[in-house]
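Enquirer: generate coordinates for the sequence data below:
(4 chains)
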2 protein chains.
Amino acid sequence: MSDEAPAHPKSRGAARRAQRRGPTMEDVAEIAGVSRGTVSRVLNGANHVSSASLEAVREAMRQTGYVVNESARSLVTRRSGAVAFVLSEPPDRLFEDPVLGGLMRTCTALLGAQGRGLMLMLAGNADERERVLHFARGGHVDGVLLVSMHDGDPLAAALHETGVPVVICGRVPAAGPLMPYVAADDRGGARLMTQYLLDRGARRLATVAGPPDTPGGAERLAGFRDVLGEAVPDGAIARAESYSIEAGRAAMDRLLHGYPDLDAVFVASDLLAVGALQALHAAGRSVPGDVLVGGFDDSAIASATMPPLTTIRQPLAQVAAELVEVLVQLIAGRHPSSRVLPTTLVRRESA
Amino acid sequence: MSDEAPAHPKSRGAARRAQRRGPTMEDVAEIAGVSRGTVSRVLNGANHVSSASLEAVREAMRQTGYVVNESARSLVTRRSGAVAFVLSEPPDRLFEDPVLGGLMRTCTALLGAQGRGLMLMLAGNADERERVLHFARGGHVDGVLLVSMHDGDPLAAALHETGVPVVICGRVPAAGPLMPYVAADDRGGARLMTQYLLDRGARRLATVAGPPDTPGGAERLAGFRDVLGEAVPDGAIARAESYSIEAGRAAMDRLLHGYPDLDAVFVASDLLAVGALQALHAAGRSVPGDVLVGGFDDSAIASATMPPLTTIRQPLAQVAAELVEVLVQLIAGRHPSSRVLPTTLVRRESA
DNA sequence: CTGAAAGCGCTTACAG
DNA sequence: CTGAAAGCGCTTACAG
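Expert: Sure thing, here's the model as predicted:
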């Protein structure tokens, strides 16, 4: 019944392959006059390969324009070569703050330089979180960079359970399993700024703090308090609703009401500080004449405000570098340490 | 010599598999009492599967926590399920402008909802561009979203040659192969704003244009000229060096020198407008009292300036949606049309 | 509706 | 140093 079978089964000839995607390892091997195994060896380090074979294979690759099929490779090595960059954050105004974007950009460049891809994933709702977990379990990524903005993020624990390497950026998980993290020293930076404002002669300090349950919210406020102790009057602390310009303006307005004779304010992010500057200006207070203003982040906007913002620099490039380093070590089966990176004061004109 | 061979070769038993990654299709099939083919069918649409088998398979999947191995699937289907989001842009201040971030965010969400991943790739230098091409050729991604900021981007043509589906965001390739694009109507938006400023009584209009060879640079300036015709005096056009606040400030300063009695200015992006507002303020001109100011983008910052910015809204969510739609159609082998999306005027207080 | 079988393109011990 | 062979975990005609 099958004596008229189509001619193609089993014929692994070039003709058939021509209409498929590019050349395979088989083609390269044939042209180079070696076996597939040898081609594979030159692809993976080229150890134990005679220079003659090596040259022949390289030439054959050039000639055919060979490019390895990553799916086939992944299937056997069980590694995808990709890493997920997971943003666990209310998604609406996500990139208003340039800090995140810069972090992502640097991680992408660093990962790319070692041949790894960065898969961007959102985890703003249950569906998205489930997708992230599914991805991790499916071996679609070799590891995940979790940029968690909230205390005790449940995603961190869930990811940990899948067994994929995870490194957390910016926040020590309050409870739950131990995972390595990379963070800037928020608290130390806040102390630095508060002390600086004091040194500049301020006596009635106030602060615009970030939303609770965010690194900037908790740690930077703690640093402020570390320096001032019990000396912080009611009304000298205003909590911003989010990390936006408007929220900064509103918080500053509250401060101006609750603590009208303030002479300095430490604002927990540069974006918030832009709003604070506006509120101060609208209230007729000059900066730094009447009020000193200190920000946090040293993001692109800090040098663009009027006056330019004195702020605390987060070493973003270093954060990205260590994030990638820690994750790569984790993927390699090692047990890297967590990292806390020093922050520094950048003096401009607002304080 | 090999009579003491290790016990494991060929034994495809559960014991051996236990120490590997999760359960395979084989395991599910065994538990469900069907063949691997049937399991595959329920995974891929579940057509031609009896409800009994279907239920059995589903139950077995639940029980084992099965998740498909994407590498194996990709190997045979020749699709990765991922899409590259390629940023062809000077990388340093990339995310200062929130427009890009928003676009990326929305694309990620949209793609994710249909089970596709977004791979972020930079193409700021030759190495990175080569990597992008390699990726495309390697079948690592099913298509690419090219966010090109420059006229006649060579990457576009190179990508086109690899044969992977490409859709360009924001810019019609000036020459070279035809590729579908999705863009906001920059020129129309600029006309809208210019006309609006005229309608508000302005008589001496100036403009801060974006850098040449960028969509905002060429098209938005063209729209400005469309309305004003030959009536634009020398000194009424200042070109910003980049899309940053500082560049906007510098350009506005130049305008103030070259065309001191201007009574309105159309600024080619909101971020530039923030700088322009600062320069105007520093020069003692009130907005909108002395000078009307119109921006472009309606990015997050537009409502946060003082005064809030009257601007042209780019329908970013729609741009993202159409970008994804066009690419998905391309991947499916169809021939979608390019899209030019209408822009609208958003009135606030600066004009 | 369903099973058996081929095949996707690689890597990796195993023998030489 | 190198080839032959097994195997990674799926999908997809092909027969029934």
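Enquirer: spell out which residues of the stretch 201-350 of chain A are next to DNA strand C.
Expert: Neighbours of DNA strand C within the stretch 201-350 of chain A, by C-beta under 7 Å from any atom of the strand: none found. C-betas here are computed from N, CA, C, even on glycine.
Enquirer: which other residues reach stretch A:215-228?
Expert: A:149, A:151, A:170-171, A:183, A:186-195, A:198, A:205, A:207, A:209-212, A:232, A:237, A:239, A:243, A:266, A:268-269, A:296 (C-beta atoms under 8 Å, 6 or more residues apart in numbering or on different chains).
Enquirer: can you give me the strands for chain A?
Expert: A:82-88, A:117-122, A:143-148, A:166-169, A:181-184, A:205-209, A:237-239, A:264-267, A:292-294, A:311-313, A:339-341, A:344-346 (DSSP state E).
Enquirer: restrict the first one to CA atoms and write it as CSV.
Expert: Written as CSV, here are the backbone C-alpha positions of strand A:82-88 (Å, rounded to 0.1, in the frame of the first residue of the first chain):
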residue,chain,number,x,y,z
ALA,A,82,18.6,33.8,28.7
VAL,A,83,17.9,35.5,32.0
ALA,A,84,14.6,37.1,33.0
PHE,A,85,14.5,40.6,34.3
VAL,A,86,11.4,40.7,36.3
LEU,A,87,9.8,43.9,37.4
SER,A,88,7.6,43.5,40.4
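Enquirer: can that strand be found next to chain B?
Expert: Yes: Strand A:82-88 is in contact with chain B by C-beta under 8 Å from any C-beta of the partner chain, via A:82, A:85.
Enquirer: ok, now the second one?
Expert: Yes: counting by C-beta under 8 Å from any C-beta, chain B has neighbours in strand A:117-122: A:117-122.
Enquirer: deepest-packed of the strands of chain A, please.
Expert: Among these, strand A:264-267 has the highest mean neighbour count (mean count of other C-beta atoms under 10 Å in any protein chain shown), at a mean of 30.
Enquirer: quick one: average confidence on it?
Expert: Averaged across strand A:264-267, pLDDT comes to 98.
Enquirer: which elements pack onto it?
Expert: helix A:186-199, strand A:205-209, helix A:245-258, helix A:270-282, strand A:292-294 (3 or more C-beta pairs under 8 Å, 6 or more residues apart in numbering or on different chains; DSSP states H and E).
Enquirer: let me have those in TSV, adding mean pLDDT as columns.
Expert: Shown next, in TSV, are these (pLDDT from 0 to 100):
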stretch	mean pLDDT
helix A:186-199	97
strand A:205-209	97
helix A:245-258	96
helix A:270-282	95
strand A:292-294	98
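Enquirer: please list the residues of the stretch 51-200 of chain A that sit near DNA strand C.
Expert: Counting by C-beta under 7 Å from any atom of the strand, the stretch 51-200 of chain A comes close to DNA strand C at A:66, A:68-69, A:72-73, A:75-77.
Enquirer: so which of those comes closest to chain B?
Expert: Set against chain B, the nearest of those by C-beta to the nearest C-beta is A:Leu75 (4.3 Å).
Enquirer: quick check: residues of the stretch 151-300 of chain A near chain B?
Expert: Contact residues (C-beta under 8 Å from any C-beta) of the stretch 151-300 of chain A with chain B: A:244-246, A:249, A:274-275, A:278, A:281-282, A:300.
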